[in-house]
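next one to model:
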Amino acid sequence: MSATFAPLRHRPFRWLVAGRSCATLANSMAPVALAFAVLDLTGSLTDLGLVVGARSLANVAALLFGGVLADRVRRGVILQGTALASALSQGLVALAVLLHFASLPLLIGLSLVNGVLAALSMPASSALLPQTVPAEELRPANAVNRIGLNIGTIAGSSLGGLLAAGVGPGWALAVDAVVMLAAAGGYLGIRLPSAAPAGPAAEKTRPLAELREGWREFTARRWVWVVVLQFMVVNAAESGSITVLGPGIADATFGRGVWGLVLATQMAGAVVAGLVVARLANRRALLVGVAAVFATVLPVLALAARADAVPVAAAMFVTGFAVEFFCVAWDLSLQQNIPQDRLARVYSFDALGSFLALPLGEMAAGPVAARIGTGRALTAAAALIVLATAAALAVRAVRTLTVRDDQPAPELATA
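Next comes the predicted model:
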């Protein structure tokens, strides 16, 4: 086995990658299918923004609790439970669409449920990875994990669009529920070696005290909160552009089936980048990763120009390739610098900050586009991405942080 894929010889890591890949496949199908279900139901971009924004709002509201939970309860158990519950909720959405009793309030409500479940699983899955491989294999493990996630996203985005166009959004959502059940099966296979602690620490303080401890870890490192502030802007601008305005442009131009394939090209670029970054020893990885975020303006500008599917897909590919460098560098930087017993809480503050503006971006995209025009709204979103990324690069702590391949992971705590 090559050095890139060497972490796969560890059984817990294999099952974690399998479970996360299936969950990502399902979570990538769902937004595409749900977007076209809402458009079929109401034909309103504003309604679509409300549905996807509700999921993001619930995600933000529950993230901090998810971080505390993942530092107190076995992380594998959290992943199993949230995957099973997500399969059930997605199944209900599919039934509502297929049996024609779907309504906007119902879709918003189920989106809220799915947002909470995603918030509970995210810190647990991120913090569990360093416990499944030796410390010296963290870099390739993060890259392999990201390759699995990106392949899941490729398949999910394309399959969601093709199923929505071919047999309807309801059946696409039904397949999504089945795939989420497979994710739960993958998480059931995770068994940590006896050397790794099997449960939470014996003594735990109150949740609010643990949150304060996690906040101190989060704010103690300037590079952490600066990058999170950057992504508050970037995620809001990109999500409003791609998730809300993108399907409407696709419906009016090259079609919803092609839109799923266009979304998949971004993750194809990320897979290619993952194979490169696993072998790349770059001490200033965070600097390169943050600078790569500039590439996210490319598909936004391509949509603003009402480009054909091929230019938009090419822009998505370049974006996926560039941003993958950031994702691996970010995970490695956190894992090498945050103690394991506080890592999930720092991940939850990271996710909270990064996703905090998502509901605003998604819910505002439709009304803003209606007021100033879709092209101008997309151009403004691109400008925000550029400004936020330039501001992050201006911070010395971001430019000078280094990572080491041989650095041991901080002390392990909960599983």
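
CA only for contacts and neighbour counts going forward, please
Will do.

which outside residues touch stretch 306-322?
249, 253-254, 258-259, 262-263, 265-273, 289, 292-293, 295-296, 298-299, 302-303 (CA atoms under 8 Å, 6 or more residues apart in numbering).

burial of residue 216, as a residue count?
By other CA atoms under 10 Å, 12 other residues sit near residue 216.

immediately after the helix or strand encompassing it, which helix or strand?
Element membership of residue 216 [criterion: DSSP states H and E] is helix 207-219. Sequence order places helix 222-239 as the next helix or strand after helix 207-219, per DSSP H and E.

residues of that next one that come out buried?
Using 16 or more other CA atoms under 10 Å as the test for burial, helix 222-239 gives 223-239.

which residues does that helix contact?
Taking CA under 8 Å, 6+ apart as the rule, helix 222-239 contacts 218-219, 290, 296-297, 300, 350-351, 353-362, 381-382, 384-385, 388-389, 391-392, 395, 397-398, 401.

mind giving me the ChimeraX command for buried ones among those?
Restricted to buried positions by 16+ other CA under 10 Å, the ChimeraX selection for those reads:
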select :218,290,296,297,300,350,351,353,354,355,356,357,358,359,360,361,362,381,382,384,385,388,389,392,397,398
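
so which of the contacts of helix 222-239 sit within helices?
Counting by DSSP state H, the part of those found in helices is 218-219, 290, 297, 300, 350-351, 353-355, 358-362, 381-382, 384-385, 388-389, 391-392, 397-398.

that older thread, I'd like to know which elements the helix holding residue 216 is packed against.
helix 45-70, helix 222-239, helix 340-355 (3 or more CA pairs under 8 Å, 6 or more residues apart in numbering; DSSP states H and E).

same list, these, but as CSV with distance to residue 308 and mean pLDDT please.
Shown next, in CSV, are the helices and strands packed on helix 207-219 (distance: least, CA to CA, whole Å; pLDDT from 0 to 100):
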stretch, distance to residue 308, mean pLDDT
helix 45-70, 21, 75
helix 222-239, 19, 89
helix 340-355, 30, 74
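
what's the burial count for residue 383?
By other CA under 10 Å, 15 other residues sit near residue 383.

list the contacts for the closest residue to it other than its chain neighbours?
Leaving aside its sequence neighbours, residue 383 sits nearest to residue 297 (CA to CA, 6 or more residues apart in numbering; 8.0 Å). With contact set as CA under 8 Å, 6+ apart, residue 297 has these partners: 238, 382-383, 385-386.

next one: the longest helix that the chain contains to chain centre, how far?
Secondary structure assigned by DSSP H gives helix 11-41 as the longest helix of the chain. How far helix 11-41 lies from its chain's middle: 10 Å, per CA atoms, centre = their mean, to the nearest Å.

and what of stretch 111-130?
10 Å.

again, but for stretch 126-145
The answer for stretch 126-145 is 17 Å, by CA atoms, centre = their mean.

what do you get for stretch 6-17?
21 Å.

flag every buried residue along it.
Quick answer for stretch 6-17 (16+ other CA under 10 Å): 7-8, 11-17.

start to end distance for that stretch?
13 Å (CA to CA, to the nearest Å).

contacts for that stretch next, please.
129, 132-133, 137, 140-141, 144-145, 148-149, 186-187, 189-192.

quick one, the longest helix of the chain and helix 45-70 angle?
160 degrees (axes from the mean of the first three to the mean of the last three CA atoms, to 10 degrees).

flag the shaky bits of the stretch 51-200 of the chain, pLDDT-wise.
Residue ranges of the stretch 51-200 of the chain with pLDDT under 70: 64, 67, 70-71, 193-200.

show me where it has helices.
In the stretch 51-200 of the chain, the helices defined using DSSP state H, counting those that start in this stretch lie at 75-98, 104-128, 138-166, 169-188.

by contact count, what packs against the shortest one?
Spelled out, that is helix 169-188. helix 11-41, helix 75-98, helix 138-166.

and the angle from the second one to helix 104-128?
It stands for helix 75-98. 160 degrees.

quick check: angle from helix 75-98 to helix 340-355?
Going by the same axes, to 10 degrees, helix 75-98 makes 30 degrees with helix 340-355.

mind listing what's buried in helix 75-98?
75-98.

please identify which of the helices and strands packed on helix 169-188 is closest to residue 245.
helix 11-41 (10.4 Å; CA to CA).

quick one: average pLDDT of that closest one?
For helix 11-41, mean pLDDT is 83.

can you give me the buried ones in it?
11-39, 41.

contacts only, for residue 180.
Residue 180 sits in contact with 22-23, 26, 83-84, 86-87, where contact means CA under 8 Å, 6+ apart.

hmm, who's touching stretch 387-402?
Contacts for stretch 387-402 (CA under 8 Å, 6+ apart): 222-223, 226-227, 230-231, 233-234, 283-287, 290-291, 293-294.

cool, stretch 247-267 as well?
With contact meaning CA under 8 Å, 6+ apart, stretch 247-267 is reached by 32, 35-36, 45, 150-151, 153-166, 303, 306, 308-310, 312-321.
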